[in-house]
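S.K.: Return a 3D structure for these sequence lines:
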Amino acid sequence: MFVIELSYKADLAEIDAHMTAHVKFLRKYYYASGNFLVSGRKTPRDGGIILAVGKSRQQIEAIVEEDPFHQRGLADFRIIEFRASQRADDIQKRIDGSDPRSR
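M.R.: Numbers count the residues shown, from 1 in each chain. Next comes the predicted model:
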């Protein structure tokens, strides 16, 4: 598994100007390929996080190169590889915030 951390290098107006293209990129790798599991903005809004799966780090690096934010030099990308050894059985409830333990 991989954590992809984006750190914006441009102001939010420029980020927002390319957000539609970035979201299209995200959808391609969520639904078309299944590589992205979850993603979202960091708080404060200075970048984002993508949790991904892939066959190799090289595959994830190639995917990142397709991101419009990467292509336009709008963000730095950090890829962290890790071995997921445990997970919560009710992970979706926790993500949704419907599990009282996540509050």
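S.K.: Flag every buried residue along the strand or helix carrying residue 48.
M.R.: Following DSSP states H and E, one finds residue 48 within strand 47-52. By neighbour count with 16 or more other Cβ atoms under 10 Å, strand 47-52 contains the buried residues 47, 48, 50, 52. All C-beta atoms are positioned from the backbone trio N, CA, C, and that covers glycine.
S.K.: do stretch 25-37 as well
M.R.: Buried residues in stretch 25-37, counted by 16+ other Cβ under 10 Å: 25, 29, 30, 35, 36.
S.K.: Would you check which pair of those lies furthest apart?
M.R.: 25 and 35 (11.2 Å; Cβ to Cβ).
S.K.: correct me, but residue 15 touches residue 73?
M.R.: No. Using Cβ atoms under 8 Å, residue 15 is not in contact with residue 73, being 11.8 Å away.
S.K.: who has more neighbours, these two?
M.R.: residue 15 (22 against 9; other Cβ atoms under 10 Å).
S.K.: hmm, who's touching the helix or strand that the more buried one is a member of?
M.R.: Element membership of residue 15 [criterion: DSSP H and E] is helix 12-17. Contact with helix 12-17 is made by 8, 45, 69, 74, 75, as judged by Cβ atoms under 8 Å, 6 or more residues apart in numbering.
S.K.: Equivalent analysis for stretch 51-66, please.
M.R.: 1-4, 25, 28-29, 34-39, 70-71, 77, 79, 81.
S.K.: Ramachandran angles for residue 10?
M.R.: phi -120, psi 160 (degrees, to the nearest 10).
S.K.: so what's the closest residue to it other than its chain neighbours up against?
M.R.: Excluding the flanking residues, the one nearest residue 10 by Cβ to Cβ, 6 or more residues apart in numbering is residue 74, at 4.5 Å. Residues in contact with residue 74, defined by Cβ under 8 Å, 6+ apart, are 8, 9, 10, 14, 15, 18, 68.
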